[in-house]
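>>> below: sequence and its predicted model.
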Amino acid sequence: MLIVTEQTCQEVVGREHAFEAVEKVFAAMARGDAYNFPVIREAIGHADAVYGFKSGFDRAGLALGVKSGGYWPGNMEKGLTNHQSTVFLFDPDTGRLAALVGGNYLTAIRTAASSAVSIAHLARKDAKVLGMVGAGHQAGFQLRAAVEQRDFERVVAWNHHPEMLPKLEQVAREIGLPFEAVEREELCARADVIITITSSFEPLLERNWIEPGTHISCMGTDTKGKQEVAADLVANATLFTDEIVQSVSIGETQHAIAAGIITGGDITSIGDVINGTHPGRSSEGEVTLFDGTGVGLQDLAVASVATKLAEAQGKAQIVEL
Ligand code: NAD
């Protein structure tokens with residue numbers, strides 16, 4: 001059995017590895033070669049924590065396992081990140097534990113890779129302005145992965161807590177892009193691609209603010225009740241997602257579904273676009289929206305890559321069970 005630490009994951013797994021792994025597994029899901037098992041997520045009645053599992057099996061990539069973890073709101077005071085997770089990989093031929101992999105950094109880069117894959121396949125080729133809604137832990141990862149997909153010239157950003165924006169501005173500076181803090185309506189008017197990555201429970205973006213041709217990646221809504229954009233904005237866009245079952249239940253489309261203004265049949269798996277069985281964007285004026293809900297198979301895909309790279313570079317610890 002191999003142990004791959006958080007530190008090693010950061011050393012061996014780059015954005016390009018995460019992009020390739022996530023794109024491949026979305027394609028496998030759409031072909032029916034990979035499937036996610038039902039998600040468990042429970043308030044445990046201790047430390048205000050929410051804990052759960054995301055798991056699945058990718059027959060094409062031979063990744064079997066589970067990400068175990070959750071959210072501990074008091075961790076910050078202890079010098080730890082609030083989100084904590086660990087990935088367990090099993091040998092699909094024998095069921096033996098194959099690897100224990102730190103999941104915190106991997107969660108951030110697999111989530112950033114998800115919206116980056118959607119931008120690569122759905123955004124207009126001439127997109128120049130990236131709009132960031134949110135400036136928390138994930139936002140910097142999102143920004144770095146997104147700007148590698150198009151020739152972006154500027155970042156415009158808004159956050160509910162404006163004091164968090166300078167940290168995101170620093171990321172844009174490191175990449176060499178001008179950064180402006182703006183109001184939400186202006187952000188929508190100027191951005192060609194918008195990423196939402198917040199823990200909001202109410203719509204932050206209105207339908208009539210969105211310009212024709214915009215691509216929106218909604219990445220923050222991963223739980224029942226959360227919401228980042230108006231339900232009629234969702235209904236007015238051409239919809240894509242990582243997994244339809246999750247999108248309609250815990251993702252951004254849940255509110256438009258509940259309002260009865262769309263059905264699951266209006267949503268396309270991004271894997272179909274990757275596989276070429278759906279054309280993706282059909283015109284320059286179309287508004288495309290990707291609902292990135294976050295699936296266990298993404299975690300298994302990047303953890304498998306981390307394990308292979310760490311082993312090849314002699315950075316994995318070997319332990320006999
Ligand atoms: P974080 O706690 O570091 O940051 C939270 C962000 O949400 C900040 O920008 C904060 O200002 C904003 N925010 C908080 N309350 C708000 C409100 N009432 N209205 C609007 N904005 C508000 O969290 P993070 O790690 O950056 O994660 C952001 C979101 O992404 C969370 O909801 C998290 O659950 C979700 N997430 C999704 C995936 C996925 O695969 N889709 C993966 C990881 C995290």
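It's in. Everything numeric in this text was worked out from a predicted model, so none of it was measured.

>>> residue contacts, the residue of the stretch 101-250 of the chain found nearest the ligand?
Per CB to the nearest ligand atom, residue 136 is where the stretch 101-250 of the chain lies closest to the ligand, at 1.9 Å. Bear in mind the C-beta positions are built from the backbone N, C-alpha and C, glycine included. With contact set as CB atoms under 8 Å, 6 or more residues apart in numbering, residue 136 has these partners: 164, 197, 198, 199.

>>> and the pLDDT for the spatially closest residue to residue 218 that is not a sequence neighbour?
Distance criterion CB to CB, 6 or more residues apart in numbering; nearest residue to residue 218, sequence neighbours excluded, is residue 252 at 4.0 Å. You'll see residue 252 listed with a pLDDT of 98.

>>> helices of the stretch 151-300 of the chain, residue ranges please.
With DSSP state H, counting those that start in this stretch, the ranges of helices along the stretch 151-300 of the chain come out as 165-175, 184-190, 231-236, 244-250, 254-258, 270-275, 296-312.

>>> give the buried residues for the fifth one.
Spelled out, that is helix 254-258. 254, 255, 256, 257 (16 or more other CB atoms under 10 Å).

>>> can I see the domain layout of the protein?
Domain ranges of the chain: 2-107+297-318, 124-295, per automatic domain parsing.

>>> show me which helix runs longest in the protein.
helix 104-122 (DSSP state H).

>>> now do the very next helix or strand once past it and helix 104-122, the angle between them.
Counting by DSSP states H and E, the next helix or strand C-terminal to helix 104-122 is strand 129-133. Using axes from the mean of the first three to the mean of the last three CA atoms, to 10 degrees, one finds that strand 129-133 and helix 104-122 are set 140 degrees apart in direction.

>>> name the helices or strands packed onto strand 129-133?
helix 137-146, strand 154-158, helix 184-190, strand 193-196 (3 or more CB pairs under 8 Å, 6 or more residues apart in numbering; DSSP states H and E).

>>> sheet partners, orientation included, of that strand?
strand 154-158 (parallel), strand 193-196 (parallel) (DSSP bridges).

>>> kindly export that strand (C-alpha atoms) in CSV.
Extracted C-alpha coordinates of strand 129-133, given in CSV (Å, rounded to 0.1, in the frame of the first residue of the first chain):
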residue,chain,number,x,y,z
VAL,A,129,-12.4,39.0,-20.0
LEU,A,130,-12.7,36.6,-17.2
GLY,A,131,-15.3,37.4,-14.4
MET,A,132,-14.7,35.9,-11.0
VAL,A,133,-17.6,35.8,-8.5
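
>>> that older thread, JSON lines for the helices of the stretch 151-300 of the chain, including distance to the ligand?
Formatted as JSON lines, the helices of the stretch 151-300 of the chain follow (distance: least, CB to the nearest ligand atom, whole Å):
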{"stretch": "helix 165-175", "distance to the ligand": "9"}
{"stretch": "helix 184-190", "distance to the ligand": "10"}
{"stretch": "helix 231-236", "distance to the ligand": "16"}
{"stretch": "helix 244-250", "distance to the ligand": "9"}
{"stretch": "helix 254-258", "distance to the ligand": "13"}
{"stretch": "helix 270-275", "distance to the ligand": "13"}
{"stretch": "helix 296-312", "distance to the ligand": "7"}
